[in-house]
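Trainee: Okay, here's the prediction I keep looking at, along with the sequence it came from:
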Amino acid sequence: MAIKAYRPITPAQRQKTTEDYDQITTKKPMKSLLVAKKQQAGKNNQGRITVRHRGGGVKRHYRVMTYDLPKNVTFTVEEIEYDPNRSARIARVKDENGVYYYVLADTKMVKGTTFKAGDDIEVEDSNRLPLENIPVGTFVYAIEITPGKGAQMVRAAGASAQLMAKEDGYATLKMPSGEVRKVLATCEASIGTVSNLQHQNVKIGAAGRRRRKGIRPTVRGVVMNATDHPHGGGDGGRHGSGKAPRTPWGQLTLGYRTRHNKKTNKMIVRSRHEGKRK
């Protein structure tokens, strides 16, 4: 997995880079595991824009992922595929009964390899088992928050969490963000690191490439008129000097936390913000 640069024959290609897709083994997804995905363009059921800067983009189908695999079954990796809906690669796997699934691919998965899911299985790469049966210090991904609900954490490209401790029925994990949190030790996780390690190093390089992803242009508030944004207006001088930044609707933004989830706050041992501010 390397980053591919382009020959700089245009200004955009001088900056643009892409992945080399060397891990992908097929371009044809399995039709039985595809569902239609309608473009909402950031609008709700009333037609009002609730998420700005969305719209357009190429058509794509959603790959039906399985985050909670059957227990005590051996799976064989049939193909490694590209998924337009996520940053990581996905693996098309087949179980002992000939049933196919799409799962997140890790860095060790290649065509033909096998892995298992269950409670009393070997601690090996790609295997999926409860955290209470995984040794301390192991790197894991696709972690459950609620036992039996399927993977909810650590699913992005190149991500992994480290199992730091196990005590009183809880497992302590160091997340990719630096946050240290607890989850029930009966929650399952897969051993390894999510595939496509170089995803964060890709430079978009061209505006059209962003549009094909379904992302429309983002205009700064300071270049708008005063009627359109709190930062707008003026005679070309400094804008909003000495004032806190605001959203287009006048609400304060930046500089305060927006996460308010009291139900799981007690599970956070160390915040990802600690140690970053002096």
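Mentor: Noted; the coordinates are in hand. The shown structure was predicted, so the numbers you read here are calculated from the model rather than taken from an experiment.
Trainee: Which residue ranges of the stretch 101-250 of the chain form strands?
Mentor: For the stretch 101-250 of the chain, the strands defined by DSSP state E, counting those that start in this stretch occupy 114-117, 128-130, 139-141, 143-144, 151-153, 161-167, 170-174, 180-184, 188-191.
Trainee: Which secondary structure elements does the last one sit against?
Mentor: Packed against strand 188-191, as judged by 3 or more Cβ pairs under 8 Å, 6 or more residues apart in numbering; DSSP states H and E, are the following elements: strand 128-130, strand 139-141, strand 143-144, strand 151-153. Placement of C-beta: from N, CA and C, glycine included.
Trainee: can you give me how far that strand is from the chain middle?
Mentor: 16 Å (Cα atoms, centre = their mean, to the nearest Å).
Trainee: For that strand, which strands pair with it and how are they oriented?
Mentor: According to DSSP bridges, strand 188-191 has the following sheet partners: strand 128-130 (antiparallel), strand 139-141 (antiparallel).
Trainee: ok, now the longest one?
Mentor: Each strand that strand 161-167 pairs with, and the sense of that pairing, follows from DSSP bridges: strand 139-141 (antiparallel), strand 170-174 (antiparallel).
Trainee: how far off strand 180-184 does the longest one point, in degrees?
Mentor: Read that as strand 170-174. Per axes from the mean of the first three to the mean of the last three Cα atoms, to 10 degrees, the angle that strand 170-174 makes with strand 180-184 is 150 degrees.
Trainee: who's in contact with strand 170-174?
Mentor: Strand 170-174 is contacted by residues 131-132, 140, 143, 161-166, 180-185, 187, 269 when judged by Cβ atoms under 8 Å, 6 or more residues apart in numbering.
Trainee: What subset of the residues you listed is buried?
Mentor: 131, 140, 143, 161, 163, 166, 180-185, 187 (16 or more other Cβ atoms under 10 Å).
Trainee: of these, closest to S195?
Mentor: Each of the buried ones among the contacts of strand 170-174 was scored against S195 by Cβ to Cβ, and V140 proved nearest at 14.4 Å.
Trainee: check contacts around the closest one.
Mentor: Remark: with contacts taken as Cβ under 8 Å, 6+ apart, V140 is in contact with 131, 134, 154, 160-163, 173, 189-192.
Trainee: Who does it form a beta bridge with?
Mentor: For V140, the beta-bridge partners under DSSP bridges are A161, I191.
Trainee: Tell me which residues of the lowest-mean-pLDDT helix or strand in the chain come out buried.
Mentor: Lowest on mean pLDDT, DSSP states H and E among the helices and strands of the chain sits helix 262-265, with a mean of 77. For helix 262-265, the buried set under the neighbour-count rule, 16+ other Cβ under 10 Å, is empty.
Trainee: Quick check: next helix or strand after it?
Mentor: Once the chain leaves helix 262-265, the next helix or strand it forms, by DSSP states H and E, is strand 268-270.
Trainee: neighbouring strands for that next one, and are they parallel or not?
Mentor: Here strand 268-270 has these sheet partners by DSSP bridges: strand 180-184 (antiparallel).
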